[in-house]
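Colleague: next comes the sequence, and after it the predicted model I'd like to discuss.
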Amino acid sequence: MAPLLVFMFVLRSLSEASKVSQFTKTNVIYDTCFSTDGMQEGSTRDDTDCMIDCSDNVDCKRLMYCSSEPSCTSYIDGNDCITDRETVNCTCYKKDMDCNESGCDCPLGYYGDKCEHIFSDCVDAAEHGVQQEALVSIQPTSATEPFEILCSGGWATILYRTKRCQPENFNRTLIEYENGFGNVPRNSWIGFHHLLSMLSFPWSQFTLNIFIIIGDHSFCQAYYSYFTMASKEEGYFFRVGGYYGPDANLCGNSMTGVGLNLEYVPFSTYDQDYTTNNHCASQYGGGWWFADNENCSRSFLTGTMDGSGTDNFWLDDLGNVKFRRAQIRILRTIQTDE
Ligand SMILES: *[C@@H]1O[C@H](CO)[C@@H](O)[C@H](O)[C@H]1NC(C)=O
Ligand SMILES: *[C@@H]1O[C@H](CO)[C@@H](O)[C@H](O)[C@H]1NC(C)=O
Ligand SMILES: *[C@@H]1O[C@H](CO)[C@@H](O)[C@H](O)[C@H]1NC(C)=O
Ligand SMILES: *[C@@H]1O[C@H](CO)[C@@H](O)[C@H](O)[C@H]1NC(C)=O
């Protein structure tokens, strides 16, 4: 039996080799949340079978093959595979660019005759047709290399917290806050280096959005139509203006509200705590724009979400309610004239 099987396998591989795209092995990452972003999941004979299916579909950009079932999951975006399964017998592959005489099928984020261009940000992605929520590779002009970010209709998610997934430690050093951490797009922070590279898009303005899900059917939003961020030398302080939100589901203004204005306040972490009198970062854990007074902040989205320490909060106007999910997003808006 065995030799025949091998023979058939080789035959099939040869006959179909011209149709199969090239794949590069990437990482399988364990997380507790069930991955719902799979495009298609089903049983499969082997990894070649799984790759043939993905090759046939121009929208398939990545796949995960697990040999124990065996199963094949294909995805419309991304590089790595996040799964809540036993990862040991699973392998993640991303599809390489796939060219023929009439053009190339590029990884999500890349375009051009030879996939030589890459989206500079989520607005660029939206303008090239990536409107749905997707994990996109982007490279702002000032960034040294591409990185993945969750884009949705031009919005870029810079912070994502969810109780659904494995808790991520947000009590981190300033260097970690600069480089970013977590499993994008699950519990993660994109990092100041990436954030500043997106904000340096020439002649542009940015809108900031806070999106909080509280209960099953309850969420709120807060927007600031103007948002800028200072450099490392200035402690990554922010400025915002034009606070607004949907009347019915307004979170409230906990960034610059009457209680405490956090503009011009440097970002503190336990190892770089600017609140020398009140030690806010050490006290709360997590990094935030803490003011050096007894109240530290009216907002805090880098706390724990599992009751093990200081939880996330947005005091105005949510008081002490606990969140199920929180996101901070930016949108490039006005392209001002030179
Ligand atoms: C992984 O595959 C090996 C070899 O097929 C098998 O012995 C093992 O039980 C599998 N592990 C899991 C966790 O499925
Ligand atoms: C060439 O690639 C394009 C996608 O880039 C695809 O639509 C087309 O079917 C391919 N043509 C052949 C002959 O494989
Ligand atoms: C944050 O982490 C630092 C370093 O491990 C630790 O000293 C500090 O107690 C932690 N803070 C909180 C609030 O957990
Ligand atoms: C801290 O908060 C309390 C209660 O809201 C307020 O009365 C007090 O003035 C605040 N302290 C500072 C320094 O803002």
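Modeller: That came through, no problem. This one's a predicted model, so the numbers in the text were calculated from it and none came from an experiment. Numbers count the residues shown, from 1 in each chain. Ligands and ions are numbered 1, 2, ... in the order given.
Colleague: okay, CA-based contacts and neighbour counts for the rest of this
Modeller: OK.
Colleague: residue 247: neighbour count?
Modeller: Other residues within reach of residue 247, judged by other C-alpha atoms under 10 Å, total 9.
Colleague: can you check the pLDDT for it?
Modeller: With respect to pLDDT, residue 247 scores 82.
Colleague: checking the residue lying closest to residue 142 once chain neighbours are set aside next. Helix, strand or coil?
Modeller: Leaving aside its sequence neighbours, residue 142 sits nearest to residue 197 (C-alpha to C-alpha, 6 or more residues apart in numbering; 5.5 Å). Secondary structure state of residue 197, per DSSP: H, G, I helix; E, B strand; the rest coil, is helix.
Colleague: quick one, what contacts residue 197?
Modeller: Taking C-alpha atoms under 8 Å, 6 or more residues apart in numbering, we find residue 197 in contact with 140, 141, 142, 143.
Colleague: between the two ends of stretch 131-147, how far is it?
Modeller: Distance across stretch 131-147, first residue to last, is 18 Å (C-alpha to C-alpha, to the nearest Å).
Colleague: meant to ask about stretch 279-299
Modeller: Stretch 279-299 has its terminal residues 16 Å apart, counting by C-alpha to C-alpha.
Colleague: contact partners for the closest residue to residue 50 other than its chain neighbours?
Modeller: For residue 50, ignoring the flanking residues on the chain, the nearest one in space by C-alpha to C-alpha, 6+ apart is residue 72 at 5.7 Å. Counting by C-alpha under 8 Å, 6+ apart, residue 72 touches 41, 42, 43, 44, 47, 50, 63, 64, 65, 66.
Colleague: mind checking the SS state of residue 72?
Modeller: Using three-state DSSP, the structure places residue 72 in strand.
Colleague: gap between it and residue 92?
Modeller: Residue 72 is 10 Å from residue 92, where distance means C-alpha to C-alpha.
Colleague: mind listing the shared neighbours of those two?
Modeller: Counting by C-alpha under 8 Å, 6+ apart, the residues touching both residue 72 and residue 92 are 63, 64, 65.
Colleague: mind checking which helix or strand the first one is in?
Modeller: If you go by DSSP states H and E, residue 63 is part of strand 62-66.
Colleague: give me the neighbour count for the residue in the chain that ligand 3 sits nearest to.
Modeller: Proximity of the chain to ligand 3 (C-alpha to the nearest ligand atom) peaks at residue 285, 3.6 Å away. Neighbours of residue 285 under the rule other C-alpha under 10 Å: 21.
Colleague: repeat for residue 131
Modeller: So residue 131, with other C-alpha under 10 Å, has 16 neighbours.
Colleague: what's the pLDDT at it?
Modeller: The model's pLDDT for residue 131 equals 95.
Colleague: distance of it from residue 266?
Modeller: Counting by C-alpha to C-alpha, the separation of residue 131 from residue 266 is 34 Å.
Colleague: go on, residue 114?
Modeller: From residue 114 over to residue 266 (counting by C-alpha to C-alpha), the distance is 43 Å.
Colleague: between these two, which one's more packed in?
Modeller: For residue 114 versus residue 266, neighbours defined as other C-alpha under 10 Å are more numerous around residue 266 (24 against 14).
Colleague: so what's that one up against?
Modeller: Contacts of residue 266 by C-alpha under 8 Å, 6+ apart are 234, 235, 236, 237, 238, 274, 289, 290.
Colleague: could these be laid out in JSON lines, adding pLDDT and secondary structure?
Modeller: Shown next, in JSON lines, are the contacts of residue 266 (pLDDT from 0 to 100; DSSP: H, G, I helix; E, B strand; the rest coil):
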{"residue": "234", "pLDDT": "98", "secondary structure": "helix"}
{"residue": "235", "pLDDT": "98", "secondary structure": "coil"}
{"residue": "236", "pLDDT": "98", "secondary structure": "coil"}
{"residue": "237", "pLDDT": "98", "secondary structure": "coil"}
{"residue": "238", "pLDDT": "98", "secondary structure": "strand"}
{"residue": "274", "pLDDT": "97", "secondary structure": "coil"}
{"residue": "289", "pLDDT": "98", "secondary structure": "coil"}
{"residue": "290", "pLDDT": "98", "secondary structure": "coil"}
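Colleague: and of those residues, the nearest to ligand 1?
Modeller: Checking the contacts of residue 266 against ligand 1 with C-alpha to the nearest ligand atom, the nearest one is residue 289 at 43.5 Å.
Colleague: report the contact partners of the residue nearest to the closest one when sequence neighbours are not counted.
Modeller: Counting by C-alpha to C-alpha, 6+ apart, residue 289 lies nearest to residue 267, which is 4.3 Å off, once chain neighbours are set aside. For residue 267, the contact set (C-alpha under 8 Å, 6+ apart) comprises 235, 236, 237, 273, 274, 287, 288, 289, 290.
Colleague: what do you get for residue 321?
Modeller: By C-alpha under 8 Å, 6+ apart, the contact list for residue 321 reads 214, 313.
Colleague: that one: what secondary structure?
Modeller: Classification of residue 321 using three-state DSSP returns coil.
Colleague: return the distance of it relative to residue 212.
Modeller: Residue 321 sits 11 Å away from residue 212, taking C-alpha to C-alpha as the criterion.
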